[in-house]
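Undergrad: Got a sequence here, can you model it:
(one chain, ligands or ions: 2)
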Amino acid sequence: EWIDLAEVIEHSLKKVELNLKSKGLNLSVGIPASVPLVYADGLRMEQIYMNLLDNAIRYTEAGNIDVQVSTAEPDRVITVIEDSGIGIPAEELPYIFERFYRVEKSRSRERGGTGLGLAIVKKLVNIQGGSIQVSSSLGQGTRFEIVWFTGGSKYP
Ligand code: ATP
Ligand code: MG
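TA: Ligands and ions are numbered 1, 2, ... in the order given. Prediction:
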């Protein structure tokens, strides 16, 4: 089906709104008025963004969650989810998409989780033709960027 990423992201944000508020985190969102559609599965898309938002909130104690959609590059839509959280040590960054991998040092015990979220995210992104990249700096925050291809037709 043809997916409007703005819709998926706004819907996902609505679902985590209470969570965000209860942690006192700030949210900034930048979504262009018209976003080219991408061909994908709506439920998978939502699973991807819910996982990334869940992480951003879970691993951020104070500050900001920033969600951006960019259509500046031709034939692609780039989405960015960035937080000002605890960050990921550079030496652990290569492993975070592996199943059951968790960054032990940078989590407190009450931060529950199985370490499957990002493995699922990566798989769902890849089977839908997208790619995902992460950059992070310890104590500063983490940024996930997903590139989707629009197939070149802006209004299918
Ligand atoms: P779950 O299966 O519930 O998602 P999880 O959040 O521990 O568990 P992943 O989402 O796969 O598992 O993330 C793997 C690890 O990467 C996390 O345990 C955490 O250490 C680190 N991580 C993921 N996202 C972030 C983030 N935004 N900021 C800091 N660390 C992160
Ligand atoms: Mg997770």
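Undergrad: What segments of this protein are helices?
TA: In the chain, the helices defined using DSSP state H lie at 5-22, 42-58, 117-127.
Undergrad: distance of the closest residue to Val69 other than its chain neighbours from ligand 1?
TA: For Val69, ignoring the flanking residues on the chain, the nearest one in space by CB to CB, 6 or more residues apart in numbering is Ile31 at 4.5 Å. Using the backbone N, CA and C atoms, a C-beta is placed for each residue, glycine as well. Per CB to the nearest ligand atom, to the nearest Å, Ile31 is found 20 Å from ligand 1.
Undergrad: ok, now Arg102?
TA: With distances taken as CB to the nearest ligand atom, Arg102 is found 3 Å from ligand 1.
Undergrad: Not counting sequence-adjacent ones, nearest residue to that residue?
TA: Using CB to CB, 6+ apart and skipping residues adjacent in sequence, the residue nearest Arg102 is Gly115, 4.3 Å away.
Undergrad: ok now do that neighbour, which residues does it touch?
TA: Applying CB atoms under 8 Å, 6 or more residues apart in numbering to Gly115 gives the contacts Arg99, Phe100, Tyr101, Arg102.
Undergrad: The first one: neighbour count?
TA: Arg99 has 12 neighbouring residues, counting by other CB atoms under 10 Å.
Undergrad: Val8: what's it in contact with?
TA: Contacts for Val8 (CB under 8 Å, 6+ apart) come out as Gly42, Met45, Glu46, Tyr49.
Undergrad: Among those, which one lies nearest to ligand 1?
TA: In terms of CB to the nearest ligand atom, no member of the contacts of Val8 lies closer to ligand 1 than Tyr49, at 12.7 Å.
Undergrad: How confident was the prediction at the closest one?
TA: We have a pLDDT of 98 for Tyr49.
Undergrad: next one: Arg107
TA: Arg107 is given a pLDDT of 61.
Undergrad: Kindly report the same for Thr114.
TA: pLDDT, Thr114: 85.
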